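S.K.: sequence and predicted structure are below.
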Amino acid sequence: MTTDTRDSSGKASPSGYDPDFLGTRTDVPILDASIQDDAVLWEETEIIPYTHFSLSLSKTWRFARWVAWNIDGTSIKLLSRTNLNFTKDPRLAADSQIGNELYSDNRLDRGHIARRADLTWGTLPEAQQANQDSFHYTNITPQMDDFNQSKQNGIWGRLENALYEDVDVQNLRASVFGGPVFHPDDRKYRGVALPSEYWKLLVFHEQGVLKARAFLLTQDLDHLRALLALDEFRVYQITMDELEERTLLHFPEPVKQAAELIAVRDIAERKPLAALADIEW
């Protein structure tokens, strides 16, 4: 999706998310026309590349609208996060990113959108660079401490693991998209609107068939959000239509076709996932 260009220091820029990673082309989502002017631009494009992932940053919210990343389960490196610090991306204006000013002296965690452990694959230098890149604030959103250990038994933080455990993923390769859902009535804290919903889309091949599964983490379905209310979060499996409506993102047709589910109820009538076994792969 991106070429090997140079940043202001002369260092080669990473190639970012690979849309051909799965063999079937799975491009990044397109911003709805109503929000295209809200994208922070880098090198005249809204797609900002890192090692093994790319993202689009919102000018208004100063968080990523979407992050897209590739996972190669055959070459994962178990790397430490010791001595890695959260930093703003020096390629972008500092005031276009939310930094440490939001996270000090409270229960908010710096939550990775693209999981660090998903990105540390490839050659050792490549994995080390991905490990470091994952700590840019552009890949971070505010999450409650113990966010992934809420009443849902950590379902949100274990979706990728569950995929590999429950599905015969072809070549152990997957592409993942994720990010926050922005609502005009999101509560503000220290002048920053805190997202109360998050989404994730897993794309993979099983027995030669491209599949995609979408999920939503939400505090409730009526948008009556309480500030820092951890225990109200629920995880739902949703359709692509629901995902696109909530995010104002448009996904490529092959992904939408791969996400077709049988007899999915309206989300208002649906029960949250109580266990990983409830997921329809």
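M.R.: Perfect, I can see it now. Numbering: from 1, shown residues only.
S.K.: now do the contacts for the spatially most central residue of the chain.
M.R.: Nearest residue to the geometric centre of the chain (CA atoms, centre = their mean): Gly178, 2.5 Å. Contacts of Gly178 were listed using CB atoms under 8 Å, 6 or more residues apart in numbering, and they are Trp66, Val67, Ile113, Ala114, Tyr198, Trp199, Lys200, Leu201. Where you see a C-beta, it was placed from the backbone N, CA and C, and this is true even at glycine.
S.K.: I'd like the distance between it and Glu43.
M.R.: Gly178 sits 23 Å away from Glu43, going by CB to CB, to the nearest Å.
S.K.: and the residue nearest to Arg190 when sequence neighbours are not counted, backbone torsions?
M.R.: Excluding its sequence neighbours, the residue lying closest to Arg190 (CB to CB, 6 or more residues apart in numbering) is Leu102, at 5.8 Å. Dihedral pair for Leu102: phi -80, psi -30, per degrees, to the nearest 10.
S.K.: roughly how far apart are Leu102 and Leu108?
M.R.: Separation of Leu102 from Leu108 (CB to CB): 7 Å.
S.K.: what do those two both touch?
M.R.: Pro142, Tyr189.
S.K.: what about the nearest residue to Leu84 once chain neighbours are set aside, how many residues nearby?
M.R.: Leaving aside its chain neighbours, Leu84 sits nearest to Phe135 (5.2 Å; criterion: CB to CB, 6+ apart). Counted with other CB atoms under 10 Å, the neighbours of Phe135 add up to 16.
S.K.: could you do Ile279 as well?
M.R.: Each residue near Ile279 was counted by other CB under 10 Å, and the total is 18.
S.K.: quick one: the strands in the stretch 151-281 of the chain, in order.
M.R.: Along the stretch 151-281 of the chain, the stretches classed as strands by DSSP state E, counting those that start in this stretch are 169-181, 188-189, 192-193, 197-206, 209-218, 234-238, 249-250.
S.K.: for those strands, give me TSV that also has distance to Gly23.
M.R.: Formatted as TSV, the strands of the stretch 151-281 of the chain follow (distance: least, CB to CB, whole Å):
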stretch	distance to Gly23
strand 169-181	8
strand 188-189	43
strand 192-193	39
strand 197-206	7
strand 209-218	9
strand 234-238	25
strand 249-250	22
